[in-house]
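> just the structure for this:
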Amino acid sequence: MSDSPIVTLVETAVRKVAVSLYNDREIRQWSKFAPREVATAEWHDLITSKISELSLPTTLQERMFEVASPVCLFMVHLHAVHSKISFMLRKPCQCLNGALGSTFFRTSDGLFDFRKTVERLVEDQRIDVAFRFTVACEFRLDECIEPLFKQLTFDVKSHFYHEKRLRNQSIAAIMQHHNDIDFRVFRIFNFYPEADFTNLLVRLAEN
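So this is what the prediction gives:
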């Protein structure tokens, strides 16, 4: 019981630090070239430097780095995926900015719960459905994938079919288990990427 308020305060502080770290100009610049999940020596030095500027007690600085570093990397990755989708659709979008900071979940020991956070993001109607679909595929939220795919417009689906950077093995493997006409079109495009999209739809609609 006595530890609960401390855990809550630390978790709240870590969340604020992670958000502020991501908004830092140097970190945003670094994130353009960041590996998805690997914290390099350069990353370690950068985060350590930023946290040391907060003038916190040493023990709390260590705790901040332990938790804030992977959280910040996680945010970097989500924003990178969101940026790719926005670029693909040629539609600037800021939907993730407000939602991400209020979506964090923690485990019983106060650590960041990545899975719960992803589940909550995928359920958040404020966030673009194309992004939620991509994240659901990446984190294997099987129960969410098909409903989200069916919410995509025809134009957005066609972008996914043609965009090689988002047409990855994870998404393709999941889609192969479905019999929906849109999924069949997707499978055909994986094997015949130069096929005519309109003619395929006409032929499939006739079957």
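
> and the lengthiest helix in the chain, what does it pack against?
Secondary structure assigned by DSSP state H gives helix 58-89 as the longest helix of the chain. Judged by 3 or more C-beta pairs under 8 Å, 6 or more residues apart in numbering; DSSP states H and E, the packing partners of helix 58-89 are helix 3-23, helix 25-31, helix 41-52, helix 95-100, helix 114-123, helix 129-138, helix 154-162. The way it works is simple: take the backbone N, C-alpha and C, and place the C-beta from them, glycine included.

> pull out the buried positions in it.
61, 63-65, 67-79, 81-83, 85-86, 88-89 (16 or more other C-beta atoms under 10 Å).

> how far does stretch 26-44 stretch from start to finish?
For stretch 26-44, the first and last residues are 13 Å from each other (C-alpha to C-alpha, to the nearest Å).

> mean confidence score for it?
When pLDDT is averaged over stretch 26-44, the result is 63.

> offset the numbering so it begins at 5, please.
With 5 as the first residue, the last one maps to stretch 30-48.

> angle of the longest helix of the chain against helix 133-142?
Helix 62-93 and helix 133-142 are oriented at 120 degrees to each other (axes from the mean of the first three to the mean of the last three C-alpha atoms, to 10 degrees).

> residue ranges with poor pLDDT in this structure?
Of all residues in the chain, those with pLDDT under 70 make up the ranges 5-20, 22-23, 26, 32, 34-44, 101-116, 166-211.

> try it again at 90.
By pLDDT under 90, the weakly predicted segments of the chain are 5-122, 124-125, 128-132, 135, 137-154, 156-211.

> ok, L125 - how many residues close by?
By the other C-beta atoms under 10 Å criterion, the neighbourhood of L125 contains 20 residues.

> that one is in contact with F137, isn't it?
No. Applying C-beta atoms under 8 Å as the test, L125 and F137 come out as separate, 11.6 Å apart.

> how many neighbours does L60 have?
15.

> how about V139?
Applying other C-beta under 10 Å, we find 22 residues neighbouring V139.

> residue contacts, it?
Going by C-beta atoms under 8 Å, 6 or more residues apart in numbering, V139 touches L82, V85, V122, L125, V126, L145.
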